[in-house]
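Enquirer: fold the following.
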Amino acid sequence: MKNEYKAVVVLSGGQDSATSLALAVRKYSAEKVAAITFEYGQRHSVETKYARRIAKRFGVKKHKTVKMDFFSSITDNALLNHSARIEKRKGARCPTTVVEGRNAFFLLAAAVWAKSLGAHEVHIGVSEADFSGYPDCREVFVRAQSRAICLALDYKIKVVAPFLHRTKAEEWALAEKLGILDVIENETVTCYNGIPGKGCGKCPACRLRLRGYKEFLKSR
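Expert: Numbering: from 1, shown residues only. A predicted model of the protein is given here:
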C-alpha cells in the first residue's frame, strides 16, 4: 500500500547500519520502516545473516535481500578478492577494501524499492567524520546522489545519513541512549573478516570500531 512506509534503511549487519535502523524505527515505528541488504560477493558475507537477525530483533518485518554480484567483474579489491591482503598501501588514499561506487548502487536500488513502497526516505549509515577515505561516504556524494535519484526516478526522495558528521564514539553513545548497546556490541558484524562482535581487532574496520568504543567509554 502506498504511503504505508516512511523509510527504507540500507542494512548491512554492521554497527553503522544497525544503529541507523534502530534510529529510524524509533522515529517512525517498525511497521513503517523497511530494510534492504545487499549481497555483492563480500568476503564478510556472514553479515547478511546478522542483518536478518537485527531486522527481526528491531521488529522490522519488511526486509529484502538483493544480490549484486557483478562488482567482481568490473573492479578488484580486498573485500571481493578473498585472497587479497586487507591494508592501506603507502601513498594510497583509500585502503584495499574500497568497493568503487558501491554506495551509489546501493542507494539507487534502495530508492527504487522505496518508491514502490511509497516511502520518501532512504537511510544509510555512512560517516565522513572518521571514514577510511571512501569517496562515497562524503557529504558531497550523499547530497549529489540524493539529487540524482530524484531526477532518475522522477520522485521526491531524500537520502538520510544520520552519522555523516558523527564519530564512532558518538555512535556508541547513541546506541546506549537507544537501549541497544548490547546488540551493537555483540550482534553486529563490522569486521572485514566476518567475525561478529569485537571482530578480529586487526582490520581497518575493527580498529576504527575499537577506537571509537574506547573513546566512548572515556567520555561516559
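Enquirer: quick one: the strands in this protein?
Expert: 7-10, 33-39, 63-67, 121-123, 158-160 (DSSP state E).
Enquirer: can you put these in JSON lines and add mean neighbour count and mean pLDDT?
Expert: To be clear about C-beta, it is placed using only N, CA and C from the backbone, and glycine gets the same treatment. Listed next are the strands of the chain as JSON lines, based on neighbours: other CB atoms under 10 Å; pLDDT from 0 to 100:
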{"stretch": "strand 7-10", "mean neighbour count": "28", "mean pLDDT": "99"}
{"stretch": "strand 33-39", "mean neighbour count": "24", "mean pLDDT": "96"}
{"stretch": "strand 63-67", "mean neighbour count": "14", "mean pLDDT": "95"}
{"stretch": "strand 121-123", "mean neighbour count": "25", "mean pLDDT": "99"}
{"stretch": "strand 158-160", "mean neighbour count": "20", "mean pLDDT": "98"}
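Enquirer: any chance of those strands in a markdown table, plus distance to residue 113?
Expert: Converted to a markdown table, those look like this (distance: least, CB to CB, whole Å):
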| stretch | distance to residue 113 |
| --- | --- |
| strand 7-10 | 6 |
| strand 33-39 | 6 |
| strand 63-67 | 7 |
| strand 121-123 | 9 |
| strand 158-160 | 14 |
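Enquirer: can you tell which of the ones you listed is closest to residue 140?
Expert: Closest to residue 140 of these, according to CB to CB: strand 158-160, at 12.3 Å.
Enquirer: what's the spacing between the closest one and its chain's center?
Expert: Strand 158-160 sits 13 Å away from the centroid of its parent chain (CA atoms, centre = their mean, to the nearest Å).
Enquirer: what sits up against that strand?
Expert: By CB atoms under 8 Å, 6 or more residues apart in numbering, the residues outside strand 158-160 that reach it are 7, 107, 111, 120-124, 142-143, 145-146, 149.
Enquirer: how about stretch 17-30?
Expert: 6-7, 9-11, 33, 35, 51, 54-55, 58-61, 123-125, 162-163, 171, 174-175, 178, 180, 183-184, 187-188.
Enquirer: can we see that at 7 Å?
Expert: 6-7, 9-11, 33, 35, 54, 58-60, 123-125, 162-163, 171, 174-175, 178, 180, 183-184, 188 (CB atoms under 7 Å, 6 or more residues apart in numbering).
Enquirer: for residue 40, state which of the contacts of strand 158-160 is nearest.
Expert: Using CB to CB, those come closest to residue 40 at residue 107, 13.5 Å.
Enquirer: around the closest one, how many other residues sit close by?
Expert: Other residues lying near residue 107 total 27 when counted by other CB atoms under 10 Å.
Enquirer: leaving out the residues flanking it, which one is nearest to it?
Expert: residue 145 (5.3 Å; CB to CB, 6 or more residues apart in numbering).
Enquirer: tally of neighbours for the one you found?
Expert: 22.
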